[in-house]
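# Next one to model:
(2 chains)
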Amino acid sequence: MPGFDHVYHAPSEHDDAREIARNARYGLWLFSLYFAIYAAFVGLNAFSPDVMSTNIAGVNLAVVYGMGLIGAALLLALLYCWLCRDRNAPAASWDPLSGKRGSGDAEVGR
Amino acid sequence: MIPQPTPLAIAVFLVFVAITLGLSFYFGAKAKSAAGYFAASGQIPWFVNGVAFAGDYLSAASFLGICGMISRFGYDGFLYSIGYLAGWVVALFVIAEPLKRLGKYTFADALNSRFQSRGITFAAGISALVVSVFYLIPQMVGAGALILPLLGLPHWMGVVTVGAVVVMIVVTAGMVSTTYVQFIKGGLLVVFSGILTIAILQRGLKVDDRPEASAPQTYLKTGGSVIVNGLPQGRKPGEADLRPVGHVSKLPGGAKETGPLSPWGYLETLRDSEIVLWSETKSKSEGGDLTTYSPVPTPGADVLQPGRHPMFKGLRGESVWPRLNFVSLMLALFCGTASLPHILIRYYTVKDQSAARWSTVVGIATIGAFYVLTLFLGLGAMTSGTIDLTDSNMAAPLLARNFGELLFAIISAIAFTTVLGTVSGLIVAASGAVVHDLLTGVLKVELTDHHKVRVGKFVAVIVGVVAIVLGIWFKGFNASFLVGWAFSVAASANLPSLVMILFWKGTTKHGVTAAILAGMLASLGWILVSAEAFQNVYGYSGDDAAKAALVPFSQPGLVTIPLGFLTLVVVSLLTRRAPATE
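Reported below is the predicted structural model:
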């Protein structure tokens, strides 16, 4: 079963410079997005705590935002893994950061 | 409260320890090389590594501390859950891949991949050691504090047991056995927290309108004895013990009982209920130290809001300093995770960058699920009459006891295994820093692969003994804030270099060395002259500590993390044209 078997894998590091740059760029974009959401949460709690008692779907913003931050971390992490997947196979893909459609290789050189 | 350990709890605990040690000896036969000992030869499957991330990261502070804090003060404890989890985003998006690509055993490798500088290795090795020891002390003290109520053994036996078991785990198979112990612990922690949460939701909320549930309690400490509610503390007739507290006093619509609730329904109902929390006032009299616990009926909406815990009270006040303190804390939690040496070394146990990414996703899923559950466990303890007023860390185990002795025994054993998993990770990190960074990197001691493993095991034993001594020495010292310090120091010392070396070509080796040392010393210095240190370490009262403090707020991150970046940039610019000297 993938992910479980404790067997020796030959090291499969491929230091493709374009791929490294691409992954780092995706990482920074997603990091910035999450940082903005987190900073807004911290800022609201620190400087406008009353907003946190706003009723949202039966509970308050504090709980919804907190749970949202945990959920968002997982969603963005999955998105990142999907964006960084090995794209040697020439399949059409969609880049959610630019909104452009194109082949995997075309956007790497962007 | 007087602890009530059961033979069942001791039996389950012994089974856990036996499984842990058996596993270590099984893997011990396989780990012979330095790569195997320090980094499990990069052969750990990503799924196992991901759950092991959770086992490594979720220390006793997370499990017992956060549940306890939520049970006493509501939402405030959940702020820690949010901050601790958010830090993983930095680890995944910014640090994981380059770290994996550039390093071998320790994060000093990655920092040094461009420079081969002894200065960097020295600074990074020392900061790894300092952070690991800060983290280690509360774990060991926690082990001693846990063993009394859970197993009925004295403090020192808890510390020695944990120390001995952990040294065995690490010495037999290094990172391989450590990983599998953490995998099992991480899995058990989430599964049983889930079971406990289902039990809480199935039971729903219930009004407790017995008058004695809301009666104030007193705890008088005189010389050698303790008087509880006017009677000597004990379980015999004519003696009394503190009642476990916390209950719902009003449900919406005047209902007495809700029956089973959905997770969201539980929070919604709680928001519209009234819950009895407890305040404590301490006074000194001729008779001794008197603590009075009084019921405080609180609207559920207020419980689900930040600002009840003493640390977060300032969020509801006028002054700006407590608000900056809060921002500083949340920044340190955000930046600290990706700078903790015992977490970073786990990236060297998988085969490639893709496995590093996927194991982080599994880690985030496991840890995130656990932190969501902490909210329900804490609120469950708050409303089930299971808060020990003298020790909020016992909220989760006492809540489990509410659902039967077996669950109590298992949760207790898991709490203990929690300490084992985290401490073994810390010891591997510390011994890696000593052997790989300081001995071979800085002092240039020539070690063969075989010798590296032997010296590594020897250092692990020494670190284990030091941990045992510190654990006994710091007994009774409320050490939980040391975890917060470790995050602040790690974030201030390590994060600026890790980030800048990856994203700024102008970084020089002198810049990195200076940034690590400046970040480490500035954050340590700030902490040592803060109100928190005056109160917790030097024994000042709350008001005197605030007056004596030399810095306006206790959490250093907001100042010292930017300082680390600034130092790196300034020193790098100044030394950019200097020719290489090493």
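
# Show me what residue of the stretch 51-200 of chain B gets nearest to chain A.
Across the stretch 51-200 of chain B, the shortest distance to chain A (CB to the nearest CB) belongs to residue B:93, at 3.9 Å. Any C-beta I mention is one placed from the backbone N, CA and C, and that applies to glycine too.

# okay but residue B:159 is in contact with residue B:468, surely?
Yes - at 5.5 Å, residue B:159 and residue B:468 qualify as touching, with contact defined as CB atoms under 8 Å.

# element containing the residue in chain B that chain A sits nearest to, please.
Closest contact between chain B and chain A, by CB to the nearest CB, is at residue B:47 (3.3 Å). For residue B:47, the element it lies in under DSSP states H and E is helix B:46-57.

# same for the helix or strand just after that helix, what does it pack against?
Sequence order places helix B:60 as the next helix or strand after helix B:46-57, per DSSP H and E. Judged by 3 or more CB pairs under 8 Å, 6 or more residues apart in numbering or on different chains; DSSP states H and E, helix B:60 is in contact with helix B:118-151, helix B:405-432.

# winner for burial among those helices?
Ranked by mean neighbour count, the helices and strands packed on helix B:60 are led by helix B:405-432 with a mean of 26 (mean count of other CB atoms under 10 Å in any protein chain shown).

# Please look at residue B:11 and residue B:410 and confirm they touch.
No - applying CB under 8 Å as the test, residue B:11 and residue B:410 come out as separate, 10.8 Å apart.

# my read is residue B:351 is in a helix, agree?
No - checked against DSSP: H, G, I helix; E, B strand; the rest coil, residue B:351 lies outside a helix; its state is coil.

# is the top helix by length along chain A up against chain B anywhere?
Longest helix in chain A by number of residues (criterion: DSSP state H): helix A:17-47. Yes - against chain B, helix A:17-47 shows contacts by CB under 8 Å from any CB of the partner chain at A:20, A:23-24, A:26-28, A:30-31, A:34-35, A:38, A:41-43, A:45-47.

# Now the element after that helix, going C-ward?
strand A:55-56.

# And the pLDDT at residue 104?
If you meant another chain, say so; for now it's chain A. Predicted confidence (pLDDT) for residue A:104: 39.

# please go with chain B instead
Residue B:104 carries a pLDDT value of 77.

# okay, now it: neighbour count?
Residue B:104 has 15 neighbouring residues, counting by other CB atoms under 10 Å in any protein chain shown.

# How far does the lowest-mean-pLDDT helix or strand in chain B sit from its chain's centre?
Ranked by mean pLDDT, DSSP states H and E, the helix or strand of chain B with the weakest confidence is helix B:60, at a mean of 76. Mean C-alpha position of helix B:60 versus that of the full chain (CA atoms, centre = their mean, to the nearest Å) differs by 6 Å.

# And for it, what's in contact with it?
Applying CB atoms under 8 Å, 6 or more residues apart in numbering or on different chains, the contact partners of helix B:60 are B:138, B:139, B:142, B:143, B:146, B:393, B:415, B:418, B:419, B:422.

# one more time with 10 Å, if that's ok
B:138-143, B:145-146, B:393, B:415-416, B:418-419, B:421-423, B:480, B:483 (CB atoms under 10 Å, 6 or more residues apart in numbering or on different chains).

# Do the strand or helix carrying residue A:77 and chain B come into contact?
In this structure, residue A:77 is located in helix A:61-83 according to DSSP H and E. Yes - against chain B, helix A:61-83 shows contacts by CB under 10 Å from any CB of the partner chain at A:61-78, A:80-81.
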